[in-house]
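In: take a look and give me a structure for this.
(one chain, ligands or ions: 3)
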Amino acid sequence: MALIRLLTRLSGYVHLKQGLECLGASSQSTRLQQHTAAHSSSCNYQLLPDCLELSYGGLVMHFDYVWLRDHCRSASCYNSKTHQRNLDTASIDLNIRPLKSRVDENTLFLTWPDGHITRYSLTWLAQNSYEGQKRSAVQPRILWSADIYSSAQVPSASWDKFMSCDEELKNFLNNFLLYGIAFVEGVPPTLEATETATQRVSLIRETMYGRMWNFTSDFSRGDTAYTKLALDRHTDTSYFQEPCGIQVFHCLRHEGTGGRTLLVDAFHAADAVLQRTPENFELLSHVPIKHEYVENLSEHRNHMIGIGPVINVYPWNNEVYMIRYNNYDRSVINTVPHDVVRRWYTAHRQLTAELRRPDNELWVKLKPGKVLFIDNWRVLHGRESFTGLRQLCGCYLTRDDVLNTARSLGLQA
Ligand SMILES: C[N+](C)(C)CCCC[C@H](N)C(=O)O
Ligand SMILES: O=C(O)CCC(=O)C(=O)O
Ligand SMILES: [Fe+2]
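Out: Ligands and ions are numbered 1, 2, ... in the order given. The predicted model follows:
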């Protein structure tokens, strides 16, 4: 079925071919070339009937003319103080083409039928072209097995520096973005200090579990998390339309045995599925799955529903950005026919086998003072069963605000 779509997406040839087709049909197309003397950055472009083709920095790119007019950054079209568009896109003639064009070393100039001139920096065009985006990752990451993560010896942030020094926060966030987990050590074992640590990174995302939570195995809520039972690897709040981006755990005390935390890089597992069986990856990234949380206690009544595929990818580069994987909270499958259901179960089994490979399991014992941040869109968590009193506090964070902090420190996020 959609495998063919996936393969064309991955091959990256489809648009190049379209470009050549418009070249073939270009009896009236203008052919202009310019070789700049500077370095190796030679630039060629031609005005094809329905797009501008630009070769620059080793890339062949195609820009639609309406797009080019829409992305004019001149003072009348774009407010560079607010970074907002002034131009009314709906006023652009959908058949617009430039009247004149030229290029110098770094800049392409287009003159539009009304005389308006747009300047585009060639590097800006390369960065913002579809062809450029297709090759690059939105979020560079290091996919890990337990061995890869352990050998990397990723340092934990230390509480004092973390709170006072931006460089420490930046390193922490850099590790968090690369691996999907990061630790702060030396945090006072209190809910208040945990809250202070999280607020250094982001806004707290309040949910029906509260803002900061502090829980033990008292079954105070209608969920297995509030017991002493083992929990298999999963993402939390898969039953939200937008699952919580980050989860924070701080074990304030444990007098007993067991209770270790399990962490698994689900993007690494998804990548193994993609490499070995692309049609299974395709199914997991297209079949909509419902997750549901139904709580019916006298003090707590909640009914949450979230729908979306297990693997969520950006369609232009097939990069995975979010996984929903929670077999406890997965609800009835009733939106696909039985033959697709069968193939989906096969695909889900393969992903599960990858997630359960012992070499993908990172086990850590959370101790008072050690705060764990987990990317809940990427890294699954679970826990071993335990005995005794175990008290865990933490919260969820707003993903947008974590990424915002990272960007403000100069990181790609
Ligand atoms: C973390 N905290 C104890 C507050 C909530 C646990 C939520 C558990 C739920 N089954 C889920 O996976 O989303
Ligand atoms: O008890 C734990 O270590 C984690 C439980 C859990 O999965 C959760 O609270 O989300
Ligand atoms: Fe959980």
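In: and the closest residue to ligand 2 within the stretch 201-350 of the chain, how many neighbours?
Out: Per Cβ to the nearest ligand atom, Ala225 is where the stretch 201-350 of the chain lies closest to ligand 2, at 3.9 Å. In short, each C-beta sits where N, CA and C put it, glycine included. Using other Cβ atoms under 10 Å, Ala225 is surrounded by 17 other residues.
In: now do the helices in the stretch 51-200 of the chain.
Out: All helices of the stretch 51-200 of the chain, identified by DSSP state H, counting those that start in this stretch, fall at 65-70, 122-128, 130-135, 146-152, 159-164, 166-179, 191-199.
In: return the set of buried residues in the fourth one.
Out: By neighbour count on 16 or more other Cβ atoms under 10 Å, the buried set for helix 146-152 is Ala146, Ile148, Tyr149.
In: name the SS class of the residue of the stretch 201-350 of the chain closest to ligand 2, please.
Out: Following DSSP: H, G, I helix; E, B strand; the rest coil, we place Ala225 in the helix state.
In: around ligand 1, which positions in the stretch 101-250 of the chain sit nearby?
Out: Residues of the stretch 101-250 of the chain lying close to ligand 1 by Cβ under 6 Å from any ligand atom are Tyr209, Trp213, Phe215, Asp223, Ala225, His234, Asp236, Thr237.
In: which one (most neighbours) among those?
Out: That'd be Thr237 among these, by other Cβ under 10 Å, with 24 neighbours.
In: hang on, that one packs against Arg399?
Out: No. Using Cβ atoms under 8 Å, Thr237 makes no contact with Arg399, being 11.5 Å away.
In: who touches both of those two?
Out: Counting by Cβ atoms under 8 Å, 6 or more residues apart in numbering, the shared contacts of Thr237 and Arg399 are Cys244.
In: and the host helix or strand of Cys251, which strands flank it?
Out: Counting by DSSP states H and E, the element that carries Cys251 is strand 246-255. Its sheet considered, strand 246-255 pairs with strand 371-375 (antiparallel), strand 389-397 (antiparallel) by DSSP bridges.
In: point out the most buried one among those strands.
Out: Across the strands paired with strand 246-255, averaging neighbours per residue (mean count of other Cβ atoms under 10 Å) puts strand 371-375 on top, at a mean of 25.
In: could you list every helix and strand that the helix or strand just after that one packs against?
Out: Counting by DSSP H and E, the element after strand 371-375 in chain order, helix or strand, is strand 379-383. Contacts defined by 3 or more Cβ pairs under 8 Å, 6 or more residues apart in numbering; DSSP states H and E place strand 379-383 against strand 231-234, strand 261-265.
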